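Provide a 3D model corresponding to the input given below.
(2 chains)
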There are 2 protein chains.
Amino acid sequence: MESVEKYLSEVLAEIKPLPAGELALGEALGAVLDGDVTALWALPAFDNSAMDGYAVLAADVAGASVDRPTILEVVGEIPAGDTAAHTVEPGTCMRIMTGAPMPDGADTVIPVEQTDGGSETVSIYQSAEPGASVRLAGGDARPGDLLLASGTRLGAVHLGLLAAGGRASVQARMLPRVTVISTGDELVDPGAELVRGQIWESNATMLAAAARHAGCPARRHPIVRDSIDAVLAAVEEALPDTDLLITTGGVSMGGEHDVVKAALGSLGTVTFRKVAMQPGMPQGFGVVGPASTPIFTLPGNPVSAYVSFCLFVVPALDALQGHTAGERGVSRTATLTEPVRSPPDKRSFLRGILDAASGRVAPVTGQASHQLASLARANALVIVPEPVTSLDAGSTVEVIELP
Amino acid sequence: MESVEKYLSEVLAEIKPLPAGELALGEALGAVLDGDVTALWALPAFDNSAMDGYAVLAADVAGASVDRPTILEVVGEIPAGDTAAHTVEPGTCMRIMTGAPMPDGADTVIPVEQTDGGSETVSIYQSAEPGASVRLAGGDARPGDLLLASGTRLGAVHLGLLAAGGRASVQARMLPRVTVISTGDELVDPGAELVRGQIWESNATMLAAAARHAGCPARRHPIVRDSIDAVLAAVEEALPDTDLLITTGGVSMGGEHDVVKAALGSLGTVTFRKVAMQPGMPQGFGVVGPASTPIFTLPGNPVSAYVSFCLFVVPALDALQGHTAGERGVSRTATLTEPVRSPPDKRSFLRGILDAASGRVAPVTGQASHQLASLARANALVIVPEPVTSLDAGSTVEVIELP
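Alright, predicted model coming up:
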């Protein structure tokens, strides 16, 4: 058996980042920048008004007050979007809207609330420092400034900044497309009739949703029966529009029924390992197909499959975007409310309910790897290290918050 | 001016939850359950094997050891998905795969690793308690057990549990569909040519992405010019497939150029208010159209628009799913690294860089409401309460982590 860390590092070592491409901003949420983005133009591009008001020379209104207003001639109006050239001479002013370009000559904007709002002449009730209520060109960024560093995962504000800087697209690595294939003669689609011995398929539904929750486009492949040909056909069908492939089931110790193991063992670089953890010991990973697409063969038990997804698949998804592991792993310490047990020489990931405020974590009832209802009550995984076989209530443990 | 809390409570009071509908599991990620979900059948539905091995009577293998193995006749094999009836008599056993139904008569599974793996007869090397390696019917949930409570936001594991329970769909409120309309004669699509006085549109790109980041389907409406008719036409066009509408721009103090204010003031229940906050003072909200669709008229300054989105639109999106406010608001305290200033009688939401590990937060350079590049460097909002006009370095402040 190998350790969780060793297995994860072996997985990540085999993953090459996806090629970057030019993505339209509307499709780039969650994509990861390939290359620094610098400002091509100043932000703002021109001096403009921060307020609705009057563009004036500060010197003209130096003595203005409510009792002794300064009266200026209003020689025109500049709405936002006005592209004409304007000039303000001493003793005059122009009405100006938020975002409108400052006229030549003027150096200050007096907000409309500090005036009588006049249109031929205006009474100004307050003085202002030169530059007041003016947004200077380049005040947010100058040409050549670094706006976003290579490796940034693009969030909403980043996309807004790229748009504000005039870019309609960006060079980035998109979120990987995930396909999940559930295998097993015992599986029936949810909603269909069941006879004793069959179960409703849940892993592909769950893992495709987990991938979508991580931001990735993901789909559930139709159920695949326990035959080597069916497994190989499903993989072949999925590969052309898949960046990361997941199978579940068919990888335990039972020999001829472990069709995923049998099918994929001869394909690409897929190898099967025992990882010193519970749940999730039987793991398989490799790359297949012309694009060296990563494939995880996760255990069929739903809790094992989900824990494996969190520990191994999520870092692999990040690695496909050129991110190193750990970015999304939120772990903290908490205090156990109940004693727990753990098998020797395996790291346990027990399901627990973490109360973030008090820092206490209660293991849920039902820790077997088929107990999905128990997992659905949990919001955290409690880690029990390999050498430890029991922990008392009150022990401090490391926990991973579930997404 | 009204307080942030009063404005938010007025907004939420006007929002009716969307009607619930029957959603296919593949489309229900992030939807909110309308009604408790109970187990229709036992989970698991039948006693089944937790391991690949041999189904035996515990009494038959009571004395088994490596030195003195128990030898049993293997009378057949039960793969997963086998729907036939089988019976194990004392002195015999059946080979059984993980997940396969237990045969009548047997009460225990001996894992294959603890045997010689024989197919005619098998040597069993270890005894086991009755029930060992057997998953009992109902061991995860019994018929009628509460699986998921009404109001649960459906995550991946919840969807897996619904599938495992045989449901192909679920009664839930879907994530609201968002449309963002940017208004302004000064706006030009990113990537297009610009002349002095114009700027590239960024708010709709940013806010549609922010809505998608919150899980919602969202789209950016084409830029709308400063005309009342154009604004009304855009709203009318968006309404049929929109559950929450956002406009930006056109709501300041400038009179005839504030076309959003002029257009929407007469439509539905939209009213305009000053909220005691910076950025984001000018706010408008109401409901419009036959479905009483909520509409936010956010300020045109990008930082104001984004902060308003986080504070008001996100709780409104939750309310449309029947959730009360606060679910997603992650706030904590931190220590300021620099002194800050704030206008009197307004709550400031300064942009800062929070170091979660040390609990220190550094205000970014560039706190004006047009400085999107500064916002893009931030990961948190630092709250300065209304009465406070300055804080020293070292002060403890409340911060909101940005998504």
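
And the helices in the stretch 251-400 of chain A?
A:259-264, A:302-308, A:314-320, A:372-377 (DSSP state H, counting those that start in this stretch).

mind listing what the residue nearest to residue A:56 when sequence neighbours are not counted touches?
Computed as Cβ to Cβ, 6 or more residues apart in numbering or on different chains, the closest residue to residue A:56 that is not its neighbour in sequence is residue A:93, at 4.5 Å. Just so you know, the C-beta spots here come from the backbone N, C-alpha and C atoms, and that holds for glycine as well. Contact analysis of residue A:93 by Cβ atoms under 8 Å, 6 or more residues apart in numbering or on different chains lists A:54, A:55, A:56, A:60, A:72, A:73, A:74, A:75, A:106, A:110, A:122, A:124.

Same list (these) but as a markdown table, adding neighbour count, pLDDT and distance to residue B:23.
Putting the contacts of residue A:93 into a markdown table (neighbours: other Cβ atoms under 10 Å in any protein chain shown; pLDDT from 0 to 100; distance: Cβ to Cβ, whole Å) gives the following:
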| residue | neighbour count | pLDDT | distance to residue B:23 |
| --- | --- | --- | --- |
| A:54 | 29 | 97 | 55 |
| A:55 | 29 | 97 | 54 |
| A:56 | 31 | 97 | 58 |
| A:60 | 22 | 96 | 64 |
| A:72 | 25 | 97 | 62 |
| A:73 | 14 | 97 | 64 |
| A:74 | 16 | 97 | 58 |
| A:75 | 16 | 97 | 61 |
| A:106 | 26 | 97 | 57 |
| A:110 | 28 | 97 | 55 |
| A:122 | 24 | 97 | 58 |
| A:124 | 24 | 97 | 59 |
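
any chance of the residues you listed in CSV, with secondary structure and distance to residue B:240 too?
Output for these, formatted as CSV (DSSP: H, G, I helix; E, B strand; the rest coil; distance: Cβ to Cβ, whole Å):
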residue, secondary structure, distance to residue B:240
A:54, strand, 43
A:55, strand, 43
A:56, strand, 47
A:60, helix, 53
A:72, strand, 49
A:73, strand, 50
A:74, strand, 44
A:75, strand, 46
A:106, coil, 46
A:110, strand, 44
A:122, strand, 45
A:124, strand, 48
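
of all these, which comes closest to chain B?
Nearest to chain B among the contacts of residue A:93, counting by Cβ to the nearest Cβ, is residue A:54 at 11.3 Å.

Does that closest one touch residue A:123 like I think?
No: counting by Cβ atoms under 8 Å, residue A:54 stays clear of residue A:123, with 10.3 Å between them.

Now list whatever residues contact both of those two.
With Cβ under 8 Å, 6+ apart as the test, residue A:54 and residue A:123 both reach residue A:115.

wait, which of the helices of the stretch 251-400 of chain A is closest to chain B?
Once the helices of the stretch 251-400 of chain A are compared by Cβ to the nearest Cβ, helix A:372-377 is nearest, at 4.4 Å.

close to chain B, is the closest one?
Yes: legend: contact between helix A:372-377 and chain B by Cβ under 8 Å from any Cβ of the partner chain is shown at A:372, A:373, A:374, A:375, A:376.

what separates that helix from the chain centre, distance-wise?
25 Å (Cα atoms, centre = their mean, to the nearest Å).

In the residues of helix A:372-377 next to chain B, which residue is surrounded by the most others?
The residue in the residues of helix A:372-377 next to chain B with the most neighbours, by other Cβ atoms under 10 Å in any protein chain shown, is residue A:372 (29 neighbours).

Am I right that the residue nearest to residue A:56 is in a strand?
Yes: assessed by DSSP: H, G, I helix; E, B strand; the rest coil, residue A:93 belongs to a strand.

Look up which residues are beta-bridged to it.
residue A:74 (DSSP bridges).

and it, how far is that from chain B?
Distance of residue A:93 to chain B, computed by Cβ to the nearest Cβ, to the nearest Å: 15 Å.

how far away is that residue from residue A:85?
From residue A:93 across to residue A:85, the span is 16 Å (Cβ to Cβ, to the nearest Å).

List the residues that contact residue A:39.
A:141, A:142, A:143, A:144, A:145, A:147, A:165, B:373.

Tell me the predicted confidence for the residue nearest to residue A:274 when sequence neighbours are not counted.
By the measure of Cβ to Cβ, 6+ apart, the closest residue to residue A:274 outside its immediate chain neighbours is residue A:1, 4.5 Å from it. On the pLDDT scale, residue A:1 is placed at 91.

and residue A:1, what does it touch?
A:273, A:274, A:275, A:276, A:281, A:345, A:346.

what's the spacing between it and chain B?
Taking Cβ to the nearest Cβ, one finds residue A:1 at 13 Å from chain B.

helices and strands around the helix or strand bottoming out on mean pLDDT in chain A, which ones?
Taking mean pLDDT, DSSP states H and E as the measure, the helix or strand of chain A with the lowest value is helix A:259-264, at a mean of 84. Judged by 3 or more Cβ pairs under 8 Å, 6 or more residues apart in numbering or on different chains; DSSP states H and E, helix A:259-264 is in contact with helix A:228-238, strand A:282-288, strand A:293-298.

Quickly compare these and say which is most buried.
Across the helices and strands packed on helix A:259-264, averaging neighbours per residue (mean count of other Cβ atoms under 10 Å in any protein chain shown) puts strand A:293-298 on top, at a mean of 27.

contacts for it?
In contact with strand A:293-298 (Cβ under 8 Å, 6+ apart) are residues A:11, A:14-15, A:203, A:207, A:235, A:239, A:242-248, A:250-251, A:260-261, A:264, A:268, A:270, A:272, A:280, A:283-288, A:304-305, A:308-309, A:312-313, A:316, A:320.

what does stretch A:378-397 give?
A:3, A:276, A:307, A:310, A:331, A:333-354, A:361, A:363-364, A:398-402.

and it, how far apart are its ends?
By Cα to Cα, to the nearest Å, the extent of stretch A:378-397 from end to end equals 16 Å.

repeat for stretch A:304-324
24 Å.

Quickly note the distance from the residue nearest to residue A:274 to residue A:282.
From residue A:1 to residue A:282 the distance is 10 Å (Cβ to Cβ).
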